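> Structural data only, the sequence is not supplied:
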């Protein structure tokens with residue numbers, strides 16, 4: 001789905017997969033994961049918007065009348081910086097126009113951003129990636145505060161808990177092993193994932209606009225996907241396929257633990273509810 005495309009492009013898969021974890025699993029199991037495409041974040045964005053409109057009556061009402069609109073991968077100038085927002089929701093420019101037909105919200109650039117959501121993922125090399133994603137989230141909420149302290153700034157993170165991961169970027173390179181093994185002698189994969197998630201607990205979750213800098217909401221989901229299905233139909237990697245065919249496991253939503261329990265401050269449903277509550281408090285009048 002491109003940045004301006006209506007949500008109906010993904011309505012079938014959203015309806016079939018149900019939860020966002022199930023959608024992520026269904027997509028990467030069917031098509032494999034590649035870091036150089038926006039399709040993964042676009043499908044996740046559609047489900048997050050769906051879930052926000054289902055949980056937030058004020059947002060849903062304003063979306064239906066066209067008072068608020070949404071745009072994916074929206075560029076917003078903040079000072080000298082280009083602030084890129086995966087999901088930007090805000091007031092419509094000019095006269096409100098309801099979304100077309102069965103669309104949930106009109107997809108166009110908002111005049112004023114009221115909700116900004118950053119999407120990131122950690123599929124492999126957790127030790128390095130988690131530090132990078134933490135910096136990304138801290139920079140994101142800093143841009144939001146500079147833009148408008150009232151803007152609801154949220155982040156969503158996908159963490160992969162598989163024991164192995166095949167990166168497409170490693171294929172055809174001089175790297176000896178295209179697969180990364182996540183478990184270590186002194187540390188299980190489950191412990192590694194717990195430590196990765198716990199790093200993000202250091203981000204302050206704001207409850208008022210006078211709180212110290214931080215995010216207003218943060219959600220984490222955990223899946224298991226080794227990405228070996230990327231090799232399917234690629235005969236040029238016959239040696240790699242032969243070497244690793246015994247390792248492939250079914251893609252699935254990770255059990256709890258390392259997945260998070262309902263009620264955890266970083267659970268996806270908590271993220272959705274915090275966004276709704278904060279939006280109502282700041283923009284509900």
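All right, it came through fine. Keep in mind the model is a prediction, meaning the values are calculated, not measured.

> Give me the below-cutoff pLDDT ranges for the stretch 51-200 of the chain.
Within the stretch 51-200 of the chain, the stretches with pLDDT under 70 are 174-176, 184-186.

> Helices of that one, residue ranges please.
57-65, 126-147, 189-199 (DSSP state H, counting those that start in this stretch).

> ok, residue 246 to residue 228 distance?
10 Å (Cβ to Cβ, to the nearest Å). Glycine gets a C-beta too; all of them are placed from N, C-alpha and C.

> between the two, who's got more neighbours?
Remark: of residue 246 and residue 228, residue 228 carries more neighbours, 21 against 6, as counted by other Cβ atoms under 10 Å.

> which non-adjacent residue is nearest that one?
Of all residues not flanking residue 228 in the chain, residue 248 sits nearest, at 4.1 Å (Cβ to Cβ, 6 or more residues apart in numbering).

> Name the SS class of the one you found, please.
Three-state call for residue 248 (DSSP: H, G, I helix; E, B strand; the rest coil): coil.

> and it, backbone torsions?
Backbone geometry at residue 248, expressed as degrees, to the nearest 10, gives phi -60, psi 130.

> can you pull the contacts of it?
Residues near residue 248 by Cβ atoms under 8 Å, 6 or more residues apart in numbering: 226, 228-229.

> and of the residues you listed, the nearest to residue 126?
Nearest to residue 126 out of the contacts of residue 248 is residue 226 (Cβ to Cβ; 14.4 Å).

> Could you report the pLDDT at that closest one?
Residue 226 is assigned 96 on the pLDDT scale.

> pretty sure it belongs to a helix, no?
No - assessed with three-state DSSP, residue 226 is coil; it does not lie in a helix.

> Please report how far it lies from residue 43.
Taken as Cβ to Cβ, the span from residue 226 to residue 43 is 20 Å.

> more crowded one of these two?
residue 226 (25 against 21).

> if I read this right, that one contacts residue 250, doesn't it?
No - the criterion here is Cβ atoms under 8 Å, and residue 226 misses it with residue 250 at 9.4 Å.

> who are the neighbours in contact with the residue most central in space within the chain?
The C-alpha lying nearest the average C-alpha coordinate of the chain belongs to residue 119 (Cα atoms, centre = their mean; 3.5 Å). Going by Cβ under 8 Å, 6+ apart, residue 119 touches 41, 44-45, 48, 86-87, 155-157.

> do that again at 6 Å, thanks
Neighbour list for residue 119: 41, 44, 86, 156 [criterion: Cβ atoms under 6 Å, 6 or more residues apart in numbering].

> same check, this time on residue 88
71, 74, 110, 113, 116.

> want to try CSV for those residues, with distance to residue 162 and neighbour count as columns?
Formatted as CSV, those follow (distance: Cβ to Cβ, whole Å; neighbours: other Cβ atoms under 10 Å):
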residue, distance to residue 162, neighbour count
71, 33, 23
74, 32, 21
110, 37, 22
113, 35, 23
116, 30, 27
